[in-house]
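Colleague: Here's my sequence, what's the structure:
(one chain, ligands or ions: 2)
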Amino acid sequence: MNKDLLGFAGMTPADFQTIWRRAARLKQLLKEGRDHASLKGKTLGMIFDKSSTRTRISFEVGMYQLGGIALFLNSRDTQIGRGETLADSARMMSCYLNGIMIRTFAQESVEELARYAAIPVINGLTDLLHPCQILADLFTIQEKKGSYEGVRVAYIGDGNNVANSWIEAATHLPFELALACPEGYDPDARILAAAGGVKLCRDPFEAARNADVLYTDVWTSMGQEAESQERMKIFKNYQINQALLEAAKKDAIVMHCLPAHRGEEITADVIDGPQSVVVEEAENRLHVQKAVLEILL
Ligand code: CP
Ligand code: NVA
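Modeller: Residues are numbered from 1 along each chain as shown. Ligands and ions are numbered 1, 2, ... in the order given. Predicted structure coming up:
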């Protein structure tokens, strides 16, 4: 394992398996009400430059369940918001904390923080990547389908941070990934180029055909709010609805990282329907991140 979790670069299939094996065990221990306080006395700093429900709660509760604590650090209220350099912040924080989770805009900021921090840094979402989400998603797929091997994942919508992390995962692990994105909204070109077998198309039905997993995310990500009206028009055919679900395998599962906009990227009947696993997917953020925290801290 790397010192940090900034994305999936440098991770081996065995690293993924180590995280998921431990996540499964931690999930079981929690359900059985058994003690698993392996991080007693440890502290995680959580820097947020963007909103969050799941990431904040799951990391904070996860640290608590592991016997440690988490500090919520809104960057507006710290000296980072007043221009203290990331390098200095990283050095100081390394004296007090055992790990940092950061959600921010530029991937470069997370990388800079990690470069100067003596402690592990975990990417809790940037404009480029959302690795913790896809770790939980693939864990959920393993639970539902027995394995991710050979599973066909169809990602419908914006070539955003979540899409990029899906592609990064597909470069390391043997599952099939097809993305349908409108022209001009493709995933990151470098990440896509590094991934051999990933398919990118314009037609959502082409991507969804025979899929085991239908996946989508919002049309407008955090930081893109000014483009929202324009995106509504451009993405209108990139919706997971009953018709698209019928193009997938009969037993396909529907996933969404959440938060969702019903009637936009996904219809209410599908996200709230029997094939949707979005609630368990969100729950698994907790178990998988606890495993990551244990391993890195
Ligand atoms: N999926 C996800 O990261 O949710 P939050 O933005 O609520 O953390
Ligand atoms: N792509 C979304 C994911 C939210 C969890 C965003 O960046 O806002």
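
Colleague: quick one, phi/psi of Pro259?
Modeller: Per-residue torsions, Pro259: phi -70, psi 150 (degrees, to the nearest 10).

Colleague: who's in contact with it?
Modeller: Neighbouring residues of Pro259 by CB atoms under 8 Å, 6 or more residues apart in numbering: 53, 218. Yep, even glycine has a C-beta here, placed from its N, CA and C like the rest.

Colleague: ok, now with 10 Å
Modeller: By CB atoms under 10 Å, 6 or more residues apart in numbering, the contact set of Pro259 is 51-54, 217-218, 222, 282.

Colleague: Repeat that for Met1.
Modeller: Contacts for Met1 (CB under 10 Å, 6+ apart) come out as 10-12, 14-15, 18-19, 120, 292, 295-296.

Colleague: give me that answer again for 7 Å
Modeller: By CB atoms under 7 Å, 6 or more residues apart in numbering, the contact list for Met1 reads 15, 295.

Colleague: any idea how far Ala291 is from it?
Modeller: Between Met1 and Ala291 the distance is 11 Å, computed by CB to CB, to the nearest Å.

Colleague: related to what we said a few turns ago, check the contacts of Pro259 and tell me the two furthest apart.
Modeller: Using CB to CB, the pair of these lying farthest apart is Met222 and Ala282, separated by 17.1 Å.

Colleague: Between these two, which is the more surrounded one?
Modeller: Using other CB atoms under 10 Å as the criterion, Met222 and Ala282 rank with Ala282 on top: 20 against 17.

Colleague: And that one, how far from Ser58?
Modeller: 8 Å.

Colleague: Buried residues in the helix or strand hosting Val279, which are they?
Modeller: Using DSSP states H and E, Val279 maps to helix 278-296. Judged by neighbour count (16 or more other CB atoms under 10 Å), helix 278-296 contains these buried residues: 278, 281-294, 296.

Colleague: out of those residues, which one sits closest to Leu177?
Modeller: Ranked by distance to Leu177 (CB to CB), those are led by Glu281 at 16.8 Å.

Colleague: Who are the contact partners of the closest one?
Modeller: Glu281 makes contacts with 136-137, 140, 255, as judged by CB under 7 Å, 6+ apart.

Colleague: Test my guess that Asp269 contacts Leu244.
Modeller: No. Counting by CB atoms under 7 Å, Leu244 is not a contact partner of Asp269; they are 11.9 Å apart.

Colleague: Which one's more surrounded, those two?
Modeller: Neighbour count, other CB under 10 Å: between Asp269 and Leu244, Leu244 has more, with 27 against 12.

Colleague: Now the spatially closest residue to that one that is not a sequence neighbour. Its backbone dihedrals?
Modeller: Excluding its sequence neighbours, the residue lying closest to Leu244 (CB to CB, 6 or more residues apart in numbering) is Ala208, at 5.1 Å. For Ala208, the backbone dihedrals (degrees, to the nearest 10) come out as phi -80, psi -20.

Colleague: Show the contacting residues for Ala208.
Modeller: Applying CB under 7 Å, 6+ apart, we find Ala208 in contact with 154, 156, 214, 244, 247-248.

Colleague: Sitting in helices, which of those residues do you find?
Modeller: If you go by DSSP state H, these have 244, 247 in helices.

Colleague: Alongside ligand 2, which residues does the stretch 1-150 of the chain contribute?
Modeller: Taking CB under 6 Å from any ligand atom as the contact definition, the stretch 1-150 of the chain meets ligand 2 at Leu125.

Colleague: Up against ligand 1, what does the stretch 1-150 of the chain have?
Modeller: Proximity of the stretch 1-150 of the chain to ligand 1 (CB under 6 Å from any ligand atom) is limited to residues 52-55, 125, 133.

Colleague: and the residues you listed as a markdown table, adding neighbour count, secondary structure and pLDDT?
Modeller: Shown next, in a markdown table, are those (neighbours: other CB atoms under 10 Å; DSSP: H, G, I helix; E, B strand; the rest coil; pLDDT from 0 to 100):
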| residue | neighbour count | secondary structure | pLDDT |
| --- | --- | --- | --- |
| Ser52 | 17 | coil | 97 |
| Thr53 | 10 | coil | 98 |
| Arg54 | 20 | helix | 98 |
| Thr55 | 22 | helix | 98 |
| Leu125 | 27 | coil | 98 |
| Gln133 | 25 | helix | 99 |
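
Colleague: any idea where the helices of the stretch 151-297 of the chain begin and end?
Modeller: Using DSSP state H, counting those that start in this stretch, the helices found in the stretch 151-297 of the chain span residues 161-172, 189-194, 204-208, 228-234, 242-247, 268-271, 278-296.

Colleague: Good, we can wrap up now.
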